[in-house]
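**Student:** For reference, the sequence and a predicted model appear below.
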Amino acid sequence: MSSPEGNVRFFKRLWHLNIQNKIKIFVWKAIHAILPSRHHLASRGVQIDPLCPRCNLSNEHSFHVLWQCPWAKDVWSESALWPMLSRFLGQNFMELWCWTILNGPCDDVGCFAMISWSIWLARNQWVFEGRSMHGREVVSHAGNIWAQFLTSKPVRISNTINEPHLIHWNAPPVGSIKINVDAAVFDDSDFFGVGVIVRDDKGMVLMARAGCLEGVLTPYLAELLAVREGIILAYHLQWTNIIVETDARNVVEYIRHPNALAPEASIIAFIRRLMLQTSGLTITITITFCRSFANKAAHELASFGLRNLVDVDYKDCCPFYLSSFVRSDFTYDL
């Protein structure tokens, strides 16, 4: 691996991460091996034992603290990144950073930075306060810090589960578009269905999609992927005011309060990132919850896609098998 200065694109990735600036600076210092570790301080003339205070097996330099120390390895083994990181054979933190970027999904890089930061905080807690944290605690701490940072950003997510009028489908406000999404899962199938239906403020169908994707998923994860499909569609349609509606209450809550280290964290982060990207434009995307009775049309589309193992898009028309559900929704809305 070349010197840090030669890896411009890897540094660009650092400065564009959706994390606190102080953590970006911390990672930059770790890459350049200038964290105030015992080895670094001793090399600068400070009278201090350079050995790692945890393991006493090696000098405590940046790479040792964050990766080589057996305690640090215990922390990483508790994270969702371990299957990818366990294959790393490099010799410094810059190589570890580049390995993560090249071998992990986009959101793994932010997760890596957060855990590295938490390892350093736990190290300081041990050195200066004599208090120790288990690996799982460190990983959980990293997830909580990142979740708090992400949820502090202005994302419009409305949870309307207590509004009785949403027992039936309601048309969106004048000038708005509503996208209902749902998923269908069969116990004996290796596929799951996704249904998306787009309607205007008069209840007219502008677009519909019956899809089928491969994978044996829990209903929650299937519903989350259905929401992702709706958000992607909303992002590309570029209407001014768009409501994405799902009958999966837990999906709305997890998007509202994400856990950055949960297995589905990358999907939720992708959804939130798309929503944040529209905030600078004249587009507003809102996610809301509705009762399952108000989401029958989207469910029928998802079931159709799964039953027939097809991916079908309908533009400016309503498929025949959906017409009774759309008429029923339109009647209730009136």
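**Tutor:** Happy to help now that I have it. Numbering: from 1, shown residues only.
**Student:** mind checking the backbone torsions on the residue nearest the centre of the chain?
**Tutor:** By Cα atoms, centre = their mean, the chain has its centre lying nearest to A269, at 2.4 Å. Dihedral pair for A269: phi -60, psi -40, per degrees, to the nearest 10.
**Student:** Output the longest helix along the chain as CSV, nothing but the C-alphas.
**Tutor:** The longest helix of the chain (DSSP state H) is helix 106-129. Output of helix 106-129 as CSV, limited to C-alpha atoms (Å, rounded to 0.1, in the frame of the first residue of the first chain):
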residue,chain,number,x,y,z
CYS,A,106,-20.8,2.1,1.7
ASP,A,107,-22.2,2.3,5.3
ASP,A,108,-19.6,-0.1,6.6
VAL,A,109,-17.0,2.6,6.3
GLY,A,110,-18.9,4.9,8.6
CYS,A,111,-19.5,2.1,11.0
PHE,A,112,-15.7,1.3,11.0
ALA,A,113,-14.9,4.9,11.8
MET,A,114,-17.4,5.0,14.7
ILE,A,115,-16.1,1.7,16.2
SER,A,116,-12.5,2.9,15.9
TRP,A,117,-13.4,6.1,17.7
SER,A,118,-15.2,4.1,20.5
ILE,A,119,-12.1,1.8,20.9
TRP,A,120,-10.0,4.9,21.4
LEU,A,121,-12.5,6.3,24.0
ALA,A,122,-12.5,3.0,25.8
ARG,A,123,-8.7,3.0,25.8
ASN,A,124,-8.6,6.4,27.4
GLN,A,125,-11.2,5.3,30.0
TRP,A,126,-9.0,2.3,30.9
VAL,A,127,-5.7,4.4,31.0
PHE,A,128,-7.0,7.4,32.9
GLU,A,129,-9.9,6.0,35.0
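**Student:** I'd like to know which elements it is packed against.
**Tutor:** When contacts are defined as 3 or more Cβ pairs under 8 Å, 6 or more residues apart in numbering; DSSP states H and E, helix 106-129 packs onto helix 21-31, helix 70-77, helix 93-103, helix 135-151, helix 265-278. The way it works is simple: take the backbone N, C-alpha and C, and place the C-beta from them, glycine included.
**Student:** returning to what we had before: could you measure from the residue nearest to the centre of the chain over to D108?
**Tutor:** 10 Å (Cβ to Cβ, to the nearest Å).
**Student:** Minimum distance to V312: which of the helices and strands packed on helix 106-129 has it?
**Tutor:** In this view, the helices and strands packed on helix 106-129 are compared for proximity to V312 by Cβ to Cβ, and helix 265-278 is the closest at 23.6 Å.
**Student:** From the domain annotation, what segments belong to each domain of the protein?
**Tutor:** The domain map for the chain lists 4-151, 164-333, with the assignment taken from automatic domain parsing.
**Student:** Adding mean pLDDT, write those domains out as TSV.
**Tutor:** Shown next, in TSV, are the domains of the chain (pLDDT from 0 to 100):
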stretch	mean pLDDT
domain 4-151	88
domain 164-333	84
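**Student:** Show the residue spans covered by the helices in the chain.
**Tutor:** Remark: helices assigned in the chain by DSSP H are 8-15, 21-31, 38-43, 62-63, 70-77, 82-85, 93-103, 106-129, 135-151, 219-237, 249-256, 265-278, 296-308, 323-333.
**Student:** closest one to V205 among those?
**Tutor:** Minimum separation from V205 across these (Cβ to Cβ) falls at helix 323-333, 6.0 Å.
**Student:** Tally up the residues packed near H61, please.
**Tutor:** Residues near H61, counting by other Cβ atoms under 10 Å, number 21.
**Student:** For S292, which of the helices and strands packed on helix 106-129 is the nearest?
**Tutor:** Comparison of these against S292 by Cβ to Cβ identifies helix 265-278 as nearest, at 21.0 Å.
**Student:** between the closest one and helix 219-237, how big is the angle?
**Tutor:** Interaxial angle of helix 265-278 relative to helix 219-237 (axes from the mean of the first three to the mean of the last three Cα atoms, to 10 degrees): 20 degrees.
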